[in-house]
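Participant: could you work out the structure for the sequence below:
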Amino acid sequence: MNSNSNLMVSSDSHVIEPSDLWVERLPSAFRDRAPRYKARTIFQAHDGGTNPVGRVREMAMDGVSAEILYPSLAMDQFGLKDAELQEACFRVYNDWLIEYCSHAPDRLFGVGNISTYRLDSAVREVQRCKDAGMRGVMIWQVPPAELPFWSSHYDPFWAAAQDLEMPVSLHILTGAAYAPGVVGQEGRHAPTRLSFLVNEKLLHIANGLIHIIASGVMERFPRLKVVLVETEVSWLPFTMSQWDKYCARGMFDSTMTMLPSAYFRRQAYATFFNDPPASMMLGEWGADNLMWSNDFPHHNSTWPNSREVIKRDLGHLSEATQSKLLQGNVMQLYKLPSVAPVAV
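Facilitator: Next up is the predicted model:
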């Protein structure tokens, strides 16, 4: 593992898929149902979103040496209800991302999208992503009501992810609650819009995580790694302490043999990029489980001022703790090769 103090590895950055990607690449049987997107979006201001050569140049401007990459347009496809179409869309995206990362394999590391309606197909796609050099996989954060995380439906998938050492990401804004045409954010009044942007997103990931932990998933699959992506982290110590309190009182009907926080410490990670309250707990809690990110190239990214934000939020920490948060944890989790620091 590279311990260079100048090394910054983003645990959550994004590509911007071509708007016509699925129209152009889906098999003919799905072409008439292909997701269609506007030619330009607010997220496409940076050349690096779609151009990996430009991306490496823009990474250097922010002092970032490597990135774990997630989708932008394809995120809403986790809300598709047609299993075959979702699988086909994700294969197209995964193929495109593999091509994108191949232009800088020492700096760009992809996370594949996995449809978990049909577990045989899901397991095959996890294996395909692993074979192609991807570093992890991503599923919906909010599953449909009929397929809750606490059901045994996912067990073949959890087993495959564990055995293949592919961390499983739960990213904000994915799944049933964010299906195309469901959210309707633009017409919301200020109170309900704020509720959606803050409260509902936090509720979704808190529910997803406790459903996975309390249902015994981490007990049955002790080497499975789960990553909470773009949910920030300052809420975690309080929430975890509450879960532990009620668990200790015997109020969970569960197969857990440890407190929820113990499973988190052993098997879960969370990303952060602009969470000022976290500065009060970083160094005291989660040093081995939290990972810095810059969310590039989205409009709320810390690019190109990531070093200033890091100084604000992490500057009081020891060099050893900063190293874990900025590079060590993410490199260990995804088993990244040695990464050369960019010139700063």
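Participant: what segments of the stretch 151-300 of the chain are strands?
Facilitator: All strands of the stretch 151-300 of the chain, identified by DSSP state E, counting those that start in this stretch, fall at 168-171, 226-229, 268-272, 290-292.
Participant: need these in TSV with mean neighbour count, can you?
Facilitator: (C-beta placed from N, C-alpha, C; glycine too.) Output for the strands of the stretch 151-300 of the chain, formatted as TSV (neighbours: other Cβ atoms under 10 Å):
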stretch	mean neighbour count
strand 168-171	26
strand 226-229	25
strand 268-272	25
strand 290-292	27
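Participant: surely residue 67 is in a helix?
Facilitator: No: counting by DSSP: H, G, I helix; E, B strand; the rest coil, residue 67 is not found in a helix; it is strand.
Participant: thought it was touching residue 56?
Facilitator: No: Residue 67 lies out of contact with residue 56 (Cβ atoms under 8 Å); the separation is 9.6 Å.
Participant: any residues in contact with both of those two?
Facilitator: Residues within reach of residue 67 and of residue 56 at once, by Cβ atoms under 8 Å, 6 or more residues apart in numbering, are 107-108.
Participant: the two: who's more crowded?
Facilitator: Neighbour comparison, residue 67 and residue 56: the larger count goes to residue 67, with 29 against 20 (by other Cβ atoms under 10 Å).
Participant: now do that one, the pLDDT please.
Facilitator: For residue 67, the pLDDT comes out at 98.
Participant: chain neighbours aside, what residue packs nearest to it?
Facilitator: residue 13 (4.0 Å; Cβ to Cβ, 6 or more residues apart in numbering).
Participant: before we move on, what about residue 111?
Facilitator: residue 136 (4.5 Å).
Participant: for the one you found, grab phi and psi.
Facilitator: phi -170, psi -180 (degrees, to the nearest 10).
Participant: before we move on, the earlier item: touching, the residue nearest to residue 67 and residue 293? I think so.
Facilitator: Yes: using Cβ under 8 Å, residue 13 is in contact with residue 293, at 6.6 Å.
Participant: what is in contact with these two at once?
Facilitator: residue 68.
Participant: could you check how far the residue nearest to residue 111 is from residue 146?
Facilitator: Noted for residue 136: a distance of 26 Å to residue 146, by Cβ to Cβ, to the nearest Å.
Participant: just want the most central residue of this protein.
Facilitator: residue 229 (3.6 Å; Cα atoms, centre = their mean).
Participant: for that one, give me its contacts.
Facilitator: Taking Cβ under 8 Å, 6+ apart as the test, what residue 229 contacts is 11-12, 70, 138, 169-172, 270-271.
Participant: chain neighbours aside, what residue packs nearest to it?
Facilitator: Looking at residue 229 with Cβ to Cβ, 6+ apart, the closest residue is residue 171, at 4.2 Å.
Participant: need the contact list for that neighbour.
Facilitator: Residue 171 neighbours (Cβ under 8 Å, 6+ apart): 12, 70, 75, 138, 141, 229-230.
Participant: all the helices of the stretch 101-250 of the chain, residue numbers only.
Facilitator: 119-131, 155-163, 190-194, 201-214, 217-220, 236-248 (DSSP state H, counting those that start in this stretch).
Participant: now the strands of the stretch 151-300 of the chain as CSV including distance to residue 206 and mean pLDDT?
Facilitator: Listed next are the strands of the stretch 151-300 of the chain as CSV, based on distance: least, Cβ to Cβ, whole Å; pLDDT from 0 to 100:
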stretch, distance to residue 206, mean pLDDT
strand 168-171, 11, 98
strand 226-229, 9, 98
strand 268-272, 12, 98
strand 290-292, 16, 98
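Participant: and of these, who's closest to residue 212?
Facilitator: Comparison of the strands of the stretch 151-300 of the chain against residue 212 by Cβ to Cβ identifies strand 226-229 as nearest, at 6.3 Å.
Participant: and that closest one, how far from the chain's centre?
Facilitator: 5 Å (Cα atoms, centre = their mean, to the nearest Å).
Participant: parallel or antiparallel, list what pairs with it.
Facilitator: strand 168-171 (parallel), strand 268-272 (parallel) (DSSP bridges).
Participant: turn the strands of the stretch 151-300 of the chain into TSV, including distance to residue 198.
Facilitator: Formatted as TSV, these follow (distance: least, Cβ to Cβ, whole Å):
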stretch	distance to residue 198
strand 168-171	17
strand 226-229	16
strand 268-272	15
strand 290-292	20
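Participant: what's the closest of those strands to residue 118?
Facilitator: The nearest among the strands of the stretch 151-300 of the chain, by Cβ to Cβ, is strand 168-171 at 16.9 Å.
Participant: if we can go back for a sec, for residue 156, state which of the contacts of residue 229 is nearest.
Facilitator: Closest to residue 156, out of all of those and judged by Cβ to Cβ, is residue 138, at 17.2 Å.
Participant: thanks again, I'm all set now.
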